[in-house]
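# Let me see the structure of the following:
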Amino acid sequence: MYKYELHLHTSECDKVATVSGADSVKKYIDLGYSGMVVTDHCFSIFHEWYKNELKGMTHKQKIERWLKGYYQARNEGEKHGFTVLPGAEVRFNGTNNDYLVYGLTEDFFYNAPFLHELKNLNELVSVLPSDALIVQAHPFRDGMTVSDPSLLFGIEAHNGCNPPFRNELAKAFAIHYEKPMTSGSDYHGYTKPASGGIETNEIIKTPYELVSVLKSGNYKIIEN
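Presented below is the predicted three-dimensional model:
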């Protein structure tokens, strides 16, 4: 069986995170994982945190800067045969909900607008590739609301930063609406690594293979 982390942040792109993309890869290799999706925050706070650095940059340069943690992780992963895929945790301007997006390539990010600048889920769906997946992250945290399930592929039923009762609420919501469940550690460095993810007998090397596994249901969620 192979284990893959589906929710992880890097210190290159998140001032709250404390571990770099490369060091996160090393840690997850030691913990027996085969890969990860780097889901750095795609929200307005990133632009506030790094406004001096981003000033005067082109869109391409800004995207490259936002992907910095992913690139560091990917480069380290390539040394060890460890899969690192690009993803995003999107929060639209003026809202509190977070959405994990899977099945994206580096080229997609360069050719799309910053996803948080879209108005809502409908607009997000309209710009994503047809096979990309949207999962609502930790939907029962304070200040968040559950979204229209018809616009979601699935629900993050286990989040490593959540207390158990909030994860139970997420599971109940997913079951009620017959939505696939995912899991992620929501690793920031100061939180516990390897407390979430999926376990599967399929080897995942590309965004398309991740989508295929999630759609097939051929996995178990990790709930540490």
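
# Could you pull up the residues touching G160?
Contact partners of G160, counting by C-beta atoms under 8 Å, 6 or more residues apart in numbering, are 7, 184-187, 191-192, 195-196, 224. Where you see a C-beta, it was placed from the backbone N, CA and C, and this is true even at glycine.

# Give me the distance between the closest residue to it other than its chain neighbours and H176.
Closest residue to G160 apart from its sequence neighbours, by C-beta to C-beta, 6 or more residues apart in numbering: S195 at 3.2 Å. Noted for S195: a distance of 25 Å to H176, by C-beta to C-beta, to the nearest Å.

# Next: P113.
Counting by C-beta to C-beta, the gap between P113 and H176 amounts to 33 Å.

# before we move on, what about M57?
To H176, M57 is 44 Å away according to C-beta to C-beta.

# for C42, same thing?
28 Å.

# likewise D107?
According to C-beta to C-beta, D107 and H176 sit 37 Å apart.

# Please apply the same query to Y110.
As it turns out, when the distance is counted by C-beta to C-beta, Y110 lies 38 Å from H176.

# how about E12, what does it touch?
The contact partners of E12, taken as C-beta under 8 Å, 6+ apart, are 20-21, 40, 68-69, 72.

# which ones are touching the residue nearest the centre of the chain?
When the chain is reduced to its mean C-alpha position, the nearest residue by C-alpha atoms, centre = their mean turns out to be T39, at 3.2 Å. Neighbour list for T39: 6-9, 87-89, 100-101, 184 [criterion: C-beta under 8 Å, 6+ apart].

# Any chance of CSV for those residues, columns distance to F46 and pLDDT?
What follows is these, written out as CSV (distance: C-beta to C-beta, whole Å; pLDDT from 0 to 100):
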residue, distance to F46, pLDDT
L6, 20, 98
H7, 17, 98
L8, 16, 98
H9, 11, 98
G87, 15, 98
A88, 11, 98
E89, 11, 98
L100, 16, 98
V101, 15, 98
G184, 19, 98
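
# wait, which of those residues is closest to A137?
Each of these was scored against A137 by C-beta to C-beta, and L100 proved nearest at 5.0 Å.

# Output the contacting helices and strands for the longest strand along the chain.
With secondary structure taken from DSSP state E, the chain has its longest strand at strand 154-159. Other helices and strands packing on strand 154-159, by 3 or more C-beta pairs under 8 Å, 6 or more residues apart in numbering; DSSP states H and E, are strand 133-136, helix 164-176, strand 181-184.

# What strands line up against it, and which way round?
Using DSSP bridges, the neighbouring strands of strand 154-159 in the sheet come out as strand 133-136 (parallel), strand 181-184 (parallel).

# which of those sits most buried?
Compared across these, strand 181-184 shows the largest average neighbour count, a mean of 27 (mean count of other C-beta atoms under 10 Å).

# Can you give the contact residues for that one?
With C-beta under 8 Å, 6+ apart, strand 181-184 has contacts from 5-8, 39, 100, 135, 137, 154-160, 170-171, 174, 196-198, 214, 221-223.

# Give the buried residues for the helix or strand following that strand.
The C-terminal neighbour of strand 181-184 among helices and strands, as given by DSSP states H and E, is strand 198-200. Of the residues in strand 198-200, those buried under the neighbour-count criterion (16 or more other C-beta atoms under 10 Å) are 198, 200.
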